[in-house]
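Novice: structure for the following, please:
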Amino acid sequence: MSSLVARKMWRTLEPYHGLIYFTPRATEAYGRLGVARQAGYFASRAAAMGAVSPEVVIATFYNFDPRLVRAALPAAWDAASPGELVAARYGAADRALREVLGDDALVSAEMAEAADLARRAAEACPPEGRPLFAAHAGLAWPEDTHLVLWHAITLLREFRGDGHVAALLLEGIGACEALVTHGASDGDAVPLATLKSTRGWSDADWDAARSRLRERGWLDGDDALTAAGAAARARVEDLTDALAIAPWRALGDEGCDRLRSLVRPWSKTIVTSGVFLATPEGPA
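Specialist: Numbers count the residues shown, from 1 in each chain. I've put the predicted structure just below:
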């Protein structure tokens, strides 16, 4: 199986999970617990690990300014327990999916089949060296089928993300440098303005990261990737795919194709709903 399958699966499945970082239902749910705005993002995503220190989140989330994380934690744990935040997150995902997809889709035979396939893939992920994946894998599986699918995609997403951090470290790309190279990449990269507004780094930090990358020969004078920079970024993405292939190899080509065909219409509906046009709380 080509490792590119892992990238195709991620691109198709990501919107189904990713709406949690944009829907106002999440902001409302965390706010009711006394955890406001961006602090809700850090606390709700980290809650599966328990009431961890800011340093653990800085390490595992990787590309955020440490000052932004420390502004959110540990204060969020004083307002709400990790268990309360996990429950709020899943409640928000439930409400958001019902609003965008409608109840009929959530109880359909297609949803049940997709949930079964995604769960099989997620349960095939080895936990070694995957801290965020392992933490979320320790949570109980939801009962509702559409949330089983959401939880499975969450696990698969964090599994891939843990591998991506490893790939960045192996290439010697720091946190802010990762954002600069990502923003300078072609294709469907997250817009640079979004990266700058959600990751917390100062203009001086961005300038320093660009300077380091120019010294390595990865950025030109216009802050575009050079051939060497593009090659380095490609190595990161290729290794990320290779490290993410285990669950998809377990599912097989036929299973992967079927899961993508089932989830693709829901992902398209989520994208066209406009939910991603909202101000993000800080998606990774």
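
Novice: okay, now the nearest residue to residue 31 once chain neighbours are set aside: neighbour count?
Specialist: Nearest residue to residue 31, sequence neighbours excluded (C-beta to C-beta, 6 or more residues apart in numbering): residue 40, at 7.2 Å. The C-beta positions use only the backbone N, C-alpha and C, and glycine is treated the same way. For residue 40, the number of neighbouring residues by other C-beta atoms under 10 Å comes to 29.

Novice: how about residue 234?
Specialist: 12.

Novice: can you find the helix or strand in this protein with the smallest mean pLDDT?
Specialist: Least confident helix or strand, the chain: helix 192-199 with a mean of 80, by mean pLDDT, DSSP states H and E.

Novice: return the alpha-carbon coordinates of that helix using CSV.
Specialist: Coordinates of each C-alpha in helix 192-199 appear next as CSV, following Å, rounded to 0.1, in the frame of the first residue of the first chain:
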residue,chain,number,x,y,z
LEU,A,192,-0.4,32.3,6.7
ALA,A,193,-2.8,34.8,8.3
THR,A,194,-4.6,32.0,10.1
LEU,A,195,-1.3,30.5,11.3
LYS,A,196,-0.2,33.9,12.6
SER,A,197,-3.5,34.7,14.3
THR,A,198,-3.9,31.4,16.1
ARG,A,199,-0.4,30.3,17.1
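
Novice: how far away from the center of its chain is it?
Specialist: Its chain's C-alpha centre and that of helix 192-199 lie 15 Å apart, by C-alpha atoms, centre = their mean, to the nearest Å.

Novice: what are the ranges of the helices in the stretch 101-250 of the chain?
Specialist: Per DSSP state H, counting those that start in this stretch, the stretch 101-250 of the chain carries helices over the ranges 103-106, 109-122, 131-137, 145-170, 175-183, 192-199, 203-215, 227-243, 246-272.

Novice: which of these has the lowest mean pLDDT?
Specialist: Lowest mean pLDDT within the helices of the stretch 101-250 of the chain: helix 192-199, a mean of 80.

Novice: report all helices and strands that it contacts.
Specialist: Packing contacts for helix 192-199, counted by 3 or more C-beta pairs under 8 Å, 6 or more residues apart in numbering; DSSP states H and E, involve helix 175-183.

Novice: residues of the helix it packs on that come out buried?
Specialist: 175-183 (16 or more other C-beta atoms under 10 Å).

Novice: next: stretch 18-32.
Specialist: In stretch 18-32, counting by 16+ other C-beta under 10 Å, buried: 18-27, 29-30.

Novice: for stretch 215-235, same thing?
Specialist: Those would be 218-219, 225-226, 229-230, 232-233, for stretch 215-235 by 16+ other C-beta under 10 Å.

Novice: test my guess that residue 273 contacts residue 102.
Specialist: No: if you go by C-beta atoms under 8 Å, residue 273 and residue 102 don't touch, sitting 11.0 Å apart.

Novice: more crowded one of these two?
Specialist: Neighbour comparison, residue 273 and residue 102: the larger count goes to residue 273, with 16 against 12 (by other C-beta under 10 Å).

Novice: show the backbone phi and psi for the more buried one.
Specialist: Main-chain dihedrals, residue 273, degrees, to the nearest 10: phi -70, psi -20.

Novice: my read: residue 259 touches residue 117, true?
Specialist: Yes: using C-beta under 8 Å, residue 259 is in contact with residue 117, at 4.4 Å.

Novice: those two: who's more crowded?
Specialist: residue 259 (26 against 20).

Novice: the more buried one and residue 248, how far apart?
Specialist: 9 Å (C-beta to C-beta, to the nearest Å).

Novice: same question for residue 264.
Specialist: For residue 264, the distance to residue 248 equals 16 Å [C-beta to C-beta].
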